[in-house]
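# Fold the stuff below for me.
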Amino acid sequence: MRGEQDLIRTLRTAADQVEQVDLARGVAARRHARRIRQRVRMALAAVAAVAVAGGTTAALSVASSGAERRAEERWTQIEEQWPQAEKRWPQAVAKVPARTAGGARILPVTALSPAEVLLLVAAPAKGKPSRLDVYDMTRRTTRTLAQVPAVKGKDGPDGVTAGPGHVAWYVTTGGTTTFWAVPRTGGTATRVATTSGDVAVLGVTDDSLVWSPWKGGVHRVPLTGGTSSRLPGSDGLRLTSWPWAARLGRNVYANQDQVVNLETGRSFDVRVPKGTRSLRCGPRWCAGELNSRLLVQRVDGTGRRTLPELRMSWPRPPYADRYVLAAPSSSQAGEGALAALHDLETGTTTGLGTRRLLISNSPSETIFNWDADVQPPATCAEKTCTPTALGRKEWTVLNLLALTR
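Model (predicted):
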């Protein structure tokens, strides 16, 4: 049976560089120096958690050694820091199969509506066709949107995104990128264009595909096909979510200093506090890190605040220009840091109940998904804890389009 990393490599082509994010790694460096102090703190916290649960025998019966017992206790304690997504937003959480009846692997890609999630059904082998399906969270039914044409050496597209009327994807081989699109109602995929170079971010408008390569600039081609063109004034910009683009350096710690509207040509300077790292902005909100704490603010610097209990998990603009994916701060996290979603509009934080998420680098991403059956870490090495097993049966999906406003 293939391992977890095999699964990630096979399906990471579903969205713009889908990857496994272990949120515990974000606090590993700072955690090492505090290890002894944290163990004392977590032991005390675990005693309190078990006392509330009503005793150690029932709560910790799966643990057969001291190391396993401590890991189980830490997992329970951290998970109770914030209300969990399933309780706060039950209408936005769904269980999606991780495999088809025939055994093909499935990966959620993005939300199409408050009730629909786009899925990639991976090819059975490289060079074979894959498939895009739509899962209805309300009816719990699945329909096929389109077949994804096979490409030699590939088991699926390198990036998938959804626009107002079309779903689009691209495949890069040998320095050449081919773009495809299909109506959101489904049908036969159409080859839109073939260009040279790579793609960092892909977007879809009413009538065009728009994208940025990793070195910057924004390109456009009609959905009906034709020759692509570089948008004037887009040098040094990277597309975020159409019509918005960002100006930032290649260094992951560099701060974004401008937000640009590609339709109107207007640009807005970002007011960055001294000492801030990795500040990333959408049209309204920004998130970054200041003194190892999550910093949030509006583009013009208003609404600025730091959250000592949270750290930024990954440098990127807020999801849906509202939600920041974060991890507990090192003083809160212990060995089993879990994911948290902070709502910039309400100031509330919601737990996602897992250390490991599959997320997309696409700034327009509208879902999170995780394997809820992953077991707590049984043993902790010097810098990382490894789960004992993954469930591999179904994904828990949080649809951001279905959250109650």
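# Which helix or which strand is home to residue 342?
strand 340-343 (DSSP states H and E).
# Which of the residues in stretch 130-149 are classified as buried?
With burial defined by 16 or more other C-beta atoms under 10 Å, the residues of stretch 130-149 counted as buried are 130-135, 137, 142, 145-146, 148. Any C-beta I mention is one placed from the backbone N, CA and C, and that applies to glycine too.
# In strands, which of those appear?
130-135, 142, 145-146, 148 (DSSP state E).
# which among those gets closest to residue 184?
Distance to residue 184 across those (C-beta to C-beta) is lowest for residue 145, with 7.7 Å.
# Name the SS class of residue 118, please.
strand (DSSP: H, G, I helix; E, B strand; the rest coil).
# Surely residue 239 is in contact with residue 245?
Yes - between residue 239 and residue 245 there is a contact at 5.2 Å, judged by C-beta atoms under 8 Å.
# Residues that sit against both of those two, list them.
Applying C-beta atoms under 8 Å, 6 or more residues apart in numbering, one finds that residue 239 and residue 245 are jointly contacted by 212, 218, 262.
# ok, the second one - contacts?
Going by C-beta under 8 Å, 6+ apart, residue 218 touches 210-212, 230-231, 234, 237-239, 245, 262.
# that older thread, going by distance to residue 310, which of the ones in strands among the buried residues of stretch 130-149 wins?
Nearest to residue 310, judged by C-beta to C-beta, of those is residue 135 at 30.8 Å.
# before we move on, the earlier item: just the buried ones out of the contacts of residue 218, please.
Buried among those by 16+ other C-beta under 10 Å: 210-212, 231, 234, 237-239, 245, 262.
# In helices only, show me those.
Among the buried ones among the contacts of residue 218, no member is found in helices (DSSP state H).
# Could you list which of the residues you listed belong to strands?
Residues of the buried ones among the contacts of residue 218 located in strands (DSSP E): 210-212, 237-239, 245.
# Kindly reformat those residues as TSV and extend each row with distance to residue 113.
Below are these laid out as TSV (distance: C-beta to C-beta, whole Å):
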residue	distance to residue 113
210	22
211	24
212	26
237	30
238	27
239	23
245	26
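# for the helix or strand containing residue 327, packing partners?
Element membership for residue 327 (DSSP H and E) is strand 323-328. Strand 323-328 is packed against strand 293-298, strand 310-312, strand 340-343, with contacts defined by 3 or more C-beta pairs under 8 Å, 6 or more residues apart in numbering; DSSP states H and E.
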